[in-house]
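In: give the three-dimensional model of this entry:
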Amino acid sequence: MLLPGRWSLASTLPNEASEPRQLTGVTWLSSAVPDDDHDWWYRCTFAPDGGTTLRFDGLATIAQAWLNGELILESNNMFQRHSVDVAALLKPENELVLCFRSLSAALAQKRARPRWKTRLVRQQQLRWFRTSLLGRIPGWTPPVPIVGPWRDIALETPRNIELRTSLDGTTGVVDVIAPDDCALTIGGREIRGSGQLRLENAELWWPHTHGTPFLYDCTARIGDESVDCGRIGFRHVEFTADSELRVNGVPIFCRGGCWTVTGDYERTLTLLRDAGANMIRVGGTMVYERDEFYRLCDELGILVWQDFMFANMDYPAGDAQFVASVRTEATQQLERLRRHPSVAVYCGNSEIEQQAAMLGMPRELWRNSLFSEVLPSLCAELHPDSIYVPSSPSGGALPFHTGTGVTHYYGVGAYKRPLTDVRRARVRFTSETLGFANVPEKEIVDLVMQGDAPALHDPRWKERTPRDTGAGWDFEDVRDHYLRELFSVEPSSLRYSDTSRYLDLSRVTTGEVMSQAFCEWRSASSTNHGGLVWFLQDLWPGAGWGVLDSRGLPKACFYYLRRVWQPRTVVLTDEGLDGVHSHIVNETNEPLDATLELTLLHDGHVTVAHASAPCAVAPRSVATFGSDAMLGAFYDVAYAYRFGPPKHDVTIATLRGADGSVLAEAFHFPHRAEPKRAIGANVTATASQNGDETWEVTLQSDRFLYAAHFDAAKFLPDDNYFHLVPNRPKHVSLKSLDGSKLRGFVEALNLDESIPIGVSAS
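Out: Numbering: from 1, shown residues only. Down below sits the predicted model:
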């Protein structure tokens, strides 16, 4: 939040005015979109409210600040925070003026050239400036850079209370720095002033998939004033030589995605938690997030992989002034983040080692002293109970090799490798993976096309389709490759003849591919310890990399991931001549007593074979059941022997709890083709209101439905794009986003008509 007051802004040519009194004849506006080409001036008038220190949490990028005509601050690092004592300058009515100098003009000044160049950005000299690359990367960010006061500005009285947590065996240790008159209470224990507080047999913080993210409330009193110090947690993390993250000694399969800027932390993070995600990476092309983001990750039990804000460039590690600025930036971030148990991994940068290696640079140029000395030493000093990774990716003969260290895996994806490559690549940990041009729902398509019929060659659509700078293809081409592989149709012909059908199949394609990759990675035989999807949310409307659209609402692929990410689930892997294996995953700290059912279905309703088996799965383990052993006869379940046409269309694995309820389902299709039409299907969808904003829809069909989904604008389903087993009712909760009455339809890829949702009387 900016300082309360009357704000306005204006632009001038670069260096046209050196201070506020020279701003004669400029036009002050209530709003505008700043750019890099001009100097931008912000003006605020305010009355003091008792505070005496002006706090600036972020000024982008080359900034100056005047209070009542006096220069009080100069900054050239948008990631640094500043506090200025202004008690002597305050008046009953005050004017704060900020100037943000043209970055384009600064970039035009001559500086030493880099040893190698990146295609990520057009202007190589950005490496000298501590600013975000958002808005400055052609091909996948909107052309709107961050300029101006991008974080809070406040007039305050500082309360210097710092908390630093660690574990000593089973004892939670809190090192406190506080004023002498401060009384701090944690877990029923009190400490006055600075010192160390120890909690014996402390409750531990866990990722939500493996336990309870337990937090202790921290309250303080300074004199007669109560101060909320937030909440803290205790946990221990380590990263093995095999790239396995362990929390409190327990191996964690990490899954989630790469974070992008969003306006609603709580809704987005809760969606991810409910989807089974347990890690978020804040990448080096983005920004350090607000305190609220990390607080919510603590509460929801979501681990954070935190990059420092460096990406792809040859940063000037030999320049003393630049390094000093980086030290201040990193110190501030580490001191801020070390109290959060969710923050587990710090990473020096994004793709610098990969970029240098791919350009043929010698090994000694892959990693400079910023990432081999400065940042790791600061992490060890200021947040020792954390993991430091020098670069994402790194490790191995080349930084991006998949079988060693941390990789960015795009074998399935940009490099169009077959789905079998997921297993062949032997990925240990991929901090970036599975980037596709994920098609959003119809409302977003209509928004991009401004109500015109979808025409996917249209510049309005294509400019929002992600691409690598300089490549002769984009990620829509990548998606089309897998559409062809999965459904045996020619994408270009389908796009020409039936755009609506093309979009429907495209939505499902990326979900199916992502799901199959994670099925492999979660199987009992996998060497993989984690995968973070590139990325979580689109930066603007279109078919972006996000599994959430620009509104923060799920795309089809999100629901596919949601089912395969759950801490208790079943996944299927194709073992060729050995059939299909069902892997029962139980990450929780409680045993799972369940029943596994296996069904082979033909023509959407004819049961070819069926078997069931009890399965007792120990806590935090995976149990595997082979289809041939369960069925006790030869059915060529994986359709590997191919003695004639397949006898079944789909294999269905159902995991049932002790009470008979369906805990999870998984599906394997022995012969990939466009789904057969469910001719004559009897499908019903009935809704009843369950609360003011929630409706429960019961969906049932006498035929198998492929990727059944809801066409209900302004409603958020808790499940969508699911395969529906015949004669098995499916209950889905739909939440209204604006209080609307439920109106909509159910569709599926193998239905010729939409099924209206019938609403029962209240």
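In: what lines up beside the helix or strand of the chain with the lowest mean pLDDT in the sheet?
Out: One helix or strand of the chain scores below all others by mean pLDDT, DSSP states H and E: strand 758-759, with a mean of 86. Within its sheet, strand 758-759 is paired with strand 683-689 (parallel), according to DSSP bridges.
In: sheet partners, orientation included, of whatever helix or strand comes next after the partner strand?
Out: From strand 683-689 onward toward the C-terminus, using DSSP states H and E, the following helix or strand is strand 694-701. Here strand 694-701 is paired, per DSSP bridges, with strand 683-689 (antiparallel), strand 730-736 (antiparallel).
In: tell me the first helix or strand C-terminal of strand 694-701.
Out: With secondary structure assigned by DSSP H and E, strand 694-701 is succeeded by strand 705-711.
In: what about the very next helix or strand once past that next one, average pLDDT?
Out: Downstream of strand 705-711, the next assigned helix or strand under DSSP H and E is strand 715-717. For strand 715-717, mean pLDDT is 97.
In: report the buried residues of strand 715-717.
Out: Neighbour-count burial for strand 715-717, counted by 16 or more other CB atoms under 10 Å, picks out 715-717. For glycine as for every other residue, the C-beta is placed from the backbone atoms N, C-alpha and C.
In: Leu126: which of the strands paired with strand 694-701 is closest?
Out: Judged by CB to CB, the one of the strands paired with strand 694-701 that comes nearest to Leu126 is strand 730-736, at 42.2 Å.
In: and the contacts of the closest one?
Out: 687, 690, 693-700, 708, 710, 712, 714-720, 722, 724, 742 (CB atoms under 8 Å, 6 or more residues apart in numbering).
In: show the contacting residues for Ala277.
Out: So Ala277 contacts 255-257, 302, 561, 565 (CB under 8 Å, 6+ apart).
In: which one of the buried residues of strand 715-717 is nearest to Val176?
Out: The nearest one, if we look at the buried residues of strand 715-717 relative to Val176 and count by CB to CB, is Leu716, at 42.4 Å.
In: one step back: save the contacts of Ala277 as a markdown table, and put in secondary structure, neighbour count and pLDDT too.
Out: Shown next, in a markdown table, are the contacts of Ala277 (DSSP: H, G, I helix; E, B strand; the rest coil; neighbours: other CB atoms under 10 Å; pLDDT from 0 to 100):
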| residue | secondary structure | neighbour count | pLDDT |
| --- | --- | --- | --- |
| Arg255 | strand | 24 | 98 |
| Gly256 | strand | 25 | 98 |
| Gly257 | strand | 27 | 98 |
| Ile302 | coil | 24 | 98 |
| Leu561 | helix | 26 | 98 |
| Trp565 | coil | 24 | 98 |
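In: the contacts of strand 730-736, buried ones only, as a ChimeraX selection?
Out: A single ChimeraX command selects the buried members of the contacts of strand 730-736 (16+ other CB under 10 Å):
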select :687,695,696,697,698,699,700,708,710,712,714,715,716,717,718,719,720,722,724,742
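In: so where is the chain shaky, pLDDT-wise?
Out: Scanning the chain with the threshold set as pLDDT under 70 gives 761-762.
In: kindly state the domain boundaries assigned to it.
Out: According to automatic domain parsing, the chain comprises the domains 6-156, 162-232, 237-564, 568-668, 683-759.
In: and the ones you listed, which is most packed in?
Out: domain 237-564 (a mean of 20; mean count of other CB atoms under 10 Å).
In: can you get me the start-to-end distance on it?
Out: End-to-end distance of domain 237-564: 25 Å, with CA to CA, to the nearest Å as the criterion.
In: ditto for stretch 654-665
Out: End-to-end distance for stretch 654-665: 5 Å, by CA to CA.
In: now stretch 733-748
Out: End-to-end distance for stretch 733-748: 18 Å, by CA to CA.
In: so how far is it off the chain centroid?
Out: 26 Å (CA atoms, centre = their mean, to the nearest Å).
In: show me what the helix of greatest length in the chain is packed up against.
Out: In terms of residue count, the longest helix belonging to the chain (DSSP state H) is helix 499-522. For helix 499-522, the elements it packs on are helix 421-424, helix 475-487, helix 491-497, strand 530-533, helix 556-564, strand 568-574, strand 580-586, judged by 3 or more CB pairs under 8 Å, 6 or more residues apart in numbering; DSSP states H and E.
In: got the phi/psi numbers for the closest residue to Ser75 other than its chain neighbours?
Out: Closest residue in space to Ser75, ignoring its immediate chain neighbours: Ala63 at 4.7 Å, by CB to CB, 6 or more residues apart in numbering. In terms of degrees, to the nearest 10, the main-chain angles of Ala63 are phi -130, psi 150.
In: residues contacting Ala63?
Out: 73-76, 78, 98-101.
In: can you redo those residues as TSV with secondary structure and distance to Arg551?
Out: Formatted as TSV, the contacts of Ala63 follow (DSSP: H, G, I helix; E, B strand; the rest coil; distance: CB to CB, whole Å):
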residue	secondary structure	distance to Arg551
Leu73	strand	37
Glu74	strand	39
Ser75	strand	33
Asn76	coil	35
Met78	coil	27
Leu98	strand	31
Cys99	strand	34
Phe100	strand	29
Arg101	coil	34
